[in-house]
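Student: here is a sequence with its predicted model. Questions after.
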Amino acid sequence: MAHLGEAQSVIELFQLKRTTPHLFEGEALTCLITGEGPFEAATATSALLAQKTFTNVINLGIAGSLSNDFQVGEIHPVRSIYLVIEGKPQFKSFKSFDQGLDCVTSFERILTPDKARTLTGVAALIDREAWGVAMAAKKAAVNFSSYKLISDQAGSLGACEMVKDKAQEWSQKLALFLATKITGNNIKQEVSEYPGFYFTFTTRHQFDHLVKMLSIREKKSIAEILNELPFENLRELKLSPKDRARKLLSTLEDKVDPLKARLQSELLKWKTPFEKKGITLNTDQTWETPEVKVSFSIQTDEDLKKVIGELNELSLEAFQNLRSGHLNVE
């Protein structure tokens, strides 16, 4: 995949572990972030294929549409992939499937309708990396296939903004599609039942776990717990769907463990006066160690003297009292 943003849900769903800045690995699946550009993608893919043995290479990601016949959000298999440099198709092409939509990989970004128009007779889709991945796979004699989600109309005004706004949604859709192709099972996306909230696979798991814990703690049904959650209040806040989901998780965590919520509140009271002065106090989130890491930035001797003066006011007694269970730190 070209970008970490579009790969994030694949990494979460398949529980891949980061082994290098651009490589995420699991038992049966490895995800390589190739970056934009056909030659960059070819170089990155070739290097990986030279290091390890793979049975299949799949290029998965978003693509712009060069046709009005297809809808944004659709995922299509790619039939043939062509390379375009400075608007001119190159001789070498690669095949992915017998049927599907043709795709051109462009050496440059296509940002205007005029540039997009010159390519409409070549293919239905346009991307930045598929040709490079295909070339590397073919040279290594590894099976190659490609699927593209149509993210926008190529060259249209506001296309970049649209792709950015939909990035999380497209990422999750691509991950679910890949899972279906690999496992053969139709994995349902169960997050749409909460309009206005965006859950990743990880945060959705946390949400379900917290709701279940609260149900047990308060001896109520799951439905009763869900009815009591402040969905409507959070929807009224001017937040992104992902931030609303985070606030909802925070609300649930506070309900499941009120003592922890109060501890965090008191800890924040202790930290805030210093953070307003540019001094960050980092403590162990598990509360297991008494260590406090203090960090700040300075540019001059005067800055240093000022920070030293502020640190003279710092006492660890309040934090130590919290760790001992004494909640009144005032």
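Tutor: Ah, there it is.
Student: for the one helix or strand V104 maps to, give the mean pLDDT please.
Tutor: V104 is part of strand 101-106, with elements assigned from DSSP states H and E. For strand 101-106, mean pLDDT rounds to 94.
Student: wait, K138 sits on F94?
Tutor: Yes. Using Cβ atoms under 8 Å, K138 is in contact with F94, at 5.9 Å. Heads up, the C-betas are built off the backbone N, CA and C, glycines and all.
Student: for those two, indicate the residue with more neighbours.
Tutor: F94 (21 against 15; other Cβ atoms under 10 Å).
Student: that's a helix at the more buried one, yeah?
Tutor: No. Applying DSSP: H, G, I helix; E, B strand; the rest coil, one finds F94 to be strand, outside a helix.
Student: quick check: closest non-adjacent residue to it.
Tutor: Once flanking residues are discounted, F94 sits nearest to A134: 3.7 Å by Cβ to Cβ, 6 or more residues apart in numbering.
Student: equivalent analysis for L281, please.
Tutor: K271 is the one closest to L281 (Cβ to Cβ, 6+ apart), at 4.8 Å.
Student: let me see the backbone angles for that neighbour.
Tutor: Dihedral pair for K271: phi -80, psi -40, per degrees, to the nearest 10.
Student: Provide the backbone phi and psi angles at L66.
Tutor: Torsion angles at L66 (phi, psi; degrees, to the nearest 10) stand at phi -100, psi 10.
Student: how much space between it and V84?
Tutor: 11 Å (Cβ to Cβ, to the nearest Å).
Student: please apply the same query to T19.
Tutor: Relative to V84, and taking Cβ to Cβ, T19 is found at 33 Å.
Student: those two - which one has more neighbours?
Tutor: Higher neighbour count among T19 and V84: V84, with 22 against 10, using other Cβ under 10 Å.
Student: so for the host helix or strand of the more buried one, what gets flagged as buried?
Tutor: Assigned by DSSP H and E, V84 falls within strand 75-85. Within strand 75-85, the residues scored as buried using 16 or more other Cβ atoms under 10 Å are I75, H76, V78, R79, S80, I81, Y82, L83, V84.
Student: likewise stretch 249-257?
Tutor: The neighbour-count check on stretch 249-257 (16+ other Cβ under 10 Å) flags L249, T251, L252, E253, K255, V256, D257 as buried.
Student: quick one: the helices in the stretch 1-150 of the chain?
Tutor: 4-13, 38-51, 113-117, 130-139 (DSSP state H, counting those that start in this stretch).
Student: show me the strands in this protein, by range?
Tutor: 17-20, 23-25, 30-32, 56-65, 75-85, 88-95, 101-106, 125-127, 143-153, 280-283, 292-295 (DSSP state E).
Student: contacting residues around the helix or strand of the chain with the lowest mean pLDDT?
Tutor: Scoring the helices and strands of the chain by mean pLDDT, DSSP states H and E places helix 159-165 at the bottom, with a mean of 71. The contact list for helix 159-165 (Cβ atoms under 8 Å, 6 or more residues apart in numbering) reads I62, G64, L111, S151, D152, Q153, W170.
Student: do that again at 6 Å, thanks
Tutor: If you take Cβ atoms under 6 Å, 6 or more residues apart in numbering as the criterion, helix 159-165 is touched by S151, D152.
Student: now swap in stretch 293-307 and tell me
Tutor: Residues outside stretch 293-307 that contact it (Cβ under 6 Å, 6+ apart): G278, I279, T280, N282.
Student: and the gap between Q99 and R79?
Tutor: Q99 is 6 Å from R79, by Cβ to Cβ.
Student: er, I182 actually
Tutor: Look at I182 and R79: by Cβ to Cβ, they are 21 Å apart.
Student: F199: how many residues sit nearby?
Tutor: Applying other Cβ under 10 Å, we find 25 residues neighbouring F199.
Student: give me the low-pLDDT residue ranges for this structure?
Tutor: When residues are selected by pLDDT under 70, those of the chain lie in 111, 157-159, 162, 184-193, 286, 327-330.
Student: domain ranges for it?
Tutor: 4-183, 201-256, 265-323 (automatic domain parsing).
Student: so A167 versus L263, what's the distance?
Tutor: Counting by Cβ to Cβ - A167 and L263 are separated by 35 Å.
Student: and if you look at G132?
Tutor: Applying Cβ to Cβ to G132 and L263 gives a distance of 51 Å.
Student: more neighbours, these two?
Tutor: When neighbours are counted by other Cβ under 10 Å, G132 and L263 differ, and G132 comes out ahead with 28 against 16.
Student: isn't that one up against T43?
Tutor: No. G132 is beyond contact range of T43, at 7.6 Å (criterion: Cβ atoms under 6 Å).
Student: could you pull out the helices in the stretch 151-300 of the chain for me?
Tutor: So, for the stretch 151-300 of the chain - with DSSP H, counting those that start in this stretch - the helices run 159-165, 167-183, 201-218, 222-228, 231-235, 241-256, 258-275.
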